[in-house]
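Student: Using only what follows, build the 3D model:
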Amino acid sequence: MQTRTLGDVQVGAIGLGGMPMSIEGRPDRARSLATIHAALDHGVTLIDTADSYHLLPGEVGHNEELVAEGLRTWGGDTSDVVVATKGGHLRPGDGTWTVDGSPAHLRSAVEGSLRRLGVEAIGLYQFHRPDPSVPYADSVGVLAELLDAGKIRLAGISNANPDQIREAQEILGGRLVSVQNQYSPAFRSSQPELDLCARLGLAFLPWSPLGGIARAGELGSRFAAFERVADGHGVSPQQVALAWELAQAPVVIPIPGASRPETIADSVRAADLILGPEEIVELDGTA
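Tutor: Reported below is the predicted structural model:
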């Protein structure tokens, strides 16, 4: 698989999003672990998770624990695998989402993530979502503290706008390495953030790059151009979507969610799918 840069670390161009293994409709633990193992088997070296990826009130960090177990039980060398987790977005367990970007919460959240992941330093820690009740500088400032303390190796932000990206980069003294925003054939409003990341040399991690858990399988029927290009290459429309995103800029690292070994195996193949200039133009024009 081709690689991309995340700070000073090289990772595979396609990552694994762990969220589907821990929320509504999640598979049993055995299939989740098989999915993580399949990702590693196919060269994935970036796994995205969050403390809020869980279903029930008493299982905060469910997905972090799954990822840790998957890495621990895989038969190969995982020393080059970067686990990216997030804090500041909460799921009370009633189907709703809330935010808490207070420094006290973030300091507590990172300790919980360190414990569940079983590491001394988190590979990439991201402020999950801005909290309107807390100054953005106060939330991002905690990332600087964590970097200085050696509790996280790399710092990123998620669900950020261009002004917040610039502010975070300034607060962190140039140590911001990534931005994780929603981006897919169906959702392109993060194009300004992607373009800014390309200019600044920051990794851009599209979440829900296939349009979301419920609609990823419908991508080809919703967007005929992706189906046509896929037929021409003899691959899935999902592969084409990920290859198209990779072609947007050399900083893009899609993190498709998966809950079955075969889906992450298909996604990984997108890293080696080369689209022609005319195909990219056609796909760019699809809305």
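Student: can we go C-alpha only for contacts and neighbour counts from here?
Tutor: Noted.
Student: hey, where'd the helices end up in the stretch 1-150 of the chain?
Tutor: Per DSSP state H, counting those that start in this stretch, the stretch 1-150 of the chain carries helices over the ranges 29-41, 62-73, 103-117, 136-149.
Student: Make a markdown table out of those helices and add distance to Q248.
Tutor: As requested, the helices of the stretch 1-150 of the chain are exported to a markdown table (distance: least, Cα to Cα, whole Å):
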| stretch | distance to Q248 |
| --- | --- |
| helix 29-41 | 23 |
| helix 62-73 | 29 |
| helix 103-117 | 32 |
| helix 136-149 | 27 |
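Student: would you turn those helices into CSV with mean neighbour count?
Tutor: Shown next, in CSV, are those (neighbours: other Cα atoms under 10 Å):
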stretch, mean neighbour count
helix 29-41, 20
helix 62-73, 20
helix 103-117, 17
helix 136-149, 18
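Student: Which stretch among these approaches R175 most closely?
Tutor: Within these, the stretch nearest R175 is helix 136-149; the backing value is 8.3 Å (Cα to Cα).
Student: Pull up the pairing partners for the helix or strand that that closest one is followed by, direction included.
Tutor: For helix 136-149, the succeeding helix or strand toward the C-terminus, using DSSP states H and E, is strand 152-158. The strands that strand 152-158 pairs with in its sheet are strand 122-127 (parallel), strand 176-180 (parallel) (by DSSP bridges).
Student: Switch those strands over to CSV; also include mean neighbour count.
Tutor: Below are these laid out as CSV (neighbours: other Cα under 10 Å):
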stretch, mean neighbour count
strand 122-127, 24
strand 176-180, 26
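Student: can you redo the ones you listed as TSV with distance to G93 and mean pLDDT?
Tutor: Compiled in TSV, the strands paired with strand 152-158 are given as follows (distance: least, Cα to Cα, whole Å; pLDDT from 0 to 100):
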stretch	distance to G93	mean pLDDT
strand 122-127	20	98
strand 176-180	24	98
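Student: Nearest to I274, out of the ones you listed?
Tutor: The closest of those to I274 is strand 176-180. By Cα to Cα, the value is 23.8 Å.
Student: neighbouring contacts of the next helix or strand along the chain from the closest one?
Tutor: Using DSSP H and E, the helix or strand that follows strand 176-180 in sequence is helix 191-200. Residues outside helix 191-200 that contact it (Cα atoms under 8 Å, 6 or more residues apart in numbering): A160, N161, P162, S178, V179, Y183, A203, F204, A249, P250, V251, V252.
Student: residues in contact with whatever helix or strand comes next after helix 191-200?
Tutor: The element immediately downstream of helix 191-200 (helix or strand, assigned by DSSP H and E) is strand 203-204. Strand 203-204 has contacts (Cα under 8 Å, 6+ apart) with 5-7, 177-181, 194, 197-198, 251-254.
Student: and of these, the nearest to E65?
Tutor: Proximity of those to E65 (Cα to Cα) peaks at Q180, which lies at 21.3 Å.
Student: Identify the bridge partners of the closest one.
Tutor: Beta-bridge partners recorded for Q180 (DSSP bridges): S158.
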